[in-house]
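# give the three-dimensional model of this entry:
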Amino acid sequence: MGASRRNPVRGTLCEMIDTNVPLRVRSVVDSQLAEGERLVRLEQPDPRQYKRKSVRQIRMLGFIFTGMALFVLAWAASRNFVPDPRSPHSLEFIAVGLVLGLSLIFLPSTLMRAAASARGYAITDRRVLSVNGLQVRSIDASALNPRAYPYEDGTPAGDLNLDDERRFDSESTEKDFFIWYALLNARATEASLRNLAQRFPRPVDDC
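Residues are numbered from 1 along each chain as shown. Next comes the predicted model:
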C-alpha cells in the first residue's frame, strides 16, 4: 500500500496517511474530526492478511468437501456406477458437495478483501477512531493500552489490541473495534499509539 509520510507532529506523533484508503472510509473519518483536531495516522488492514486464521480454517473445510466429492466421483467412475432410479438425486448430492467445497476454498478471500476495504484505523492528536463501514468508535487516548501481535512469518505485519487488558467474549461486537487486524507494521502502529497515550495518561484512582 502506498502511504504519505510527513514530518513529526508536535515532536512525538509522526504522520502516516495511507493514500490507498478508499474515499468513503476517509470521508467517514474526516466527518468525525472536531475543530482543530489533526489526523495523524490512517491505515487499513492488508486484505491479503485480514483475518487469515479464519480464512485458512474455512478453506480447510472447503478442501475436505472437495476431496470427498472427488473421491466419490472417482470411485463411481472406476466401478462404472449407474445411479439407482429409486435414488435419482445421488449425483446431485455429489455436485452440491463439490460446488460447496470450491466455494469455501475461493470465496472467503474475496469476502475478506471486501470487509477489509470497509475498515479504517485512524489516530488523531487526541484520540483513536475505529471505522467499520458506517460505524465508528471513538476511543480516548487515556483508555489506550496497545499491544501488537506480529505474525510469525518474518514480516512486520500483525494484529493489534488497543487495550490489552480488555477481554471480549465470543458474542462481543466491540472486539471488531478494539482489535486492529492485518496491519502492515503492527509495531510501528503500537509505538504511535503509545506516544499518544503518554500525552493523555490514565487517571490514577485514589485509594
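
# all strands for the chain, in order.
3-9, 13-18, 39-43, 119-124, 127-132, 135-140, 147-150, 158-161, 179-183 (DSSP state E).

# mind listing what the fourth one pairs with, with the direction of each?
Pointing back at strand 119-124 there. Strand partners for strand 119-124, identified by DSSP bridges, are recorded as strand 39-43 (antiparallel), strand 127-132 (antiparallel).

# for Leu61, which of those is the nearest?
Comparing the strands paired with strand 119-124 against Leu61 with Cβ to Cβ, the closest turns out to be strand 127-132 (25.6 Å). In short, each C-beta sits where N, CA and C put it, glycine included.

# low-scoring stretches of this structure, by residue?
1-14, 53, 76-91, 170-171, 202-207 (pLDDT under 70).

# how is it divided into domains?
As assigned by automatic domain parsing, the chain contains the domains 3-45+119-199, 52-114.

# can you redo the ones you listed as TSV with mean neighbour count?
Shown next, in TSV, are the domains of the chain (neighbours: other Cβ atoms under 10 Å):
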stretch	mean neighbour count
domain 3-45+119-199	16
domain 52-114	14
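
# go through the strands of the chain and name the closest to Ala74.
For those, the distance to Ala74 is smallest for strand 179-183, at 38.1 Å, taking Cβ to Cβ.

# which residues sit against the closest one?
Under the criterion Cβ atoms under 8 Å, 6 or more residues apart in numbering, residues 43, 45-52, 116, 119, 121, 130, 148, 157-162, 189 lie in contact with strand 179-183.

# sheet-wise, list the partners of it with their directions.
Strand partners for strand 179-183, identified by DSSP bridges, are recorded as strand 158-161 (antiparallel).

# just how off-centre is the partner strand within its chain?
9 Å (Cα atoms, centre = their mean, to the nearest Å).

# neighbouring contacts of that strand?
Identification of contacts with strand 158-161 by Cβ under 8 Å, 6+ apart yields 146-151, 178-183, 186-187, 189-190, 193.

# residues contacting Ser130?
For Ser130, the contact set (Cβ under 8 Å, 6+ apart) comprises Gly120, Tyr121, Ala122, Val136, Arg137, Ile139, Leu162, Phe177, Phe178, Trp180.

# going by distance to Phe63, which of these wins?
For Phe63, the nearest member of the contacts of Ser130 is Trp180. The distance, counting by Cβ to Cβ, is 29.6 Å.

# so how far is Glu152 from the closest one?
Computed as Cβ to Cβ, to the nearest Å, the Trp180 to Glu152 distance reads 18 Å.

# cool, and Val128?
As judged by Cβ to Cβ, Val128 and Glu152 stand 26 Å apart.

# Tyr121 too?
From Tyr121 to Glu152 the distance is 22 Å (Cβ to Cβ).

# now swap in Asp140 and tell me
Using Cβ to Cβ, Asp140 is found at 32 Å from Glu152.
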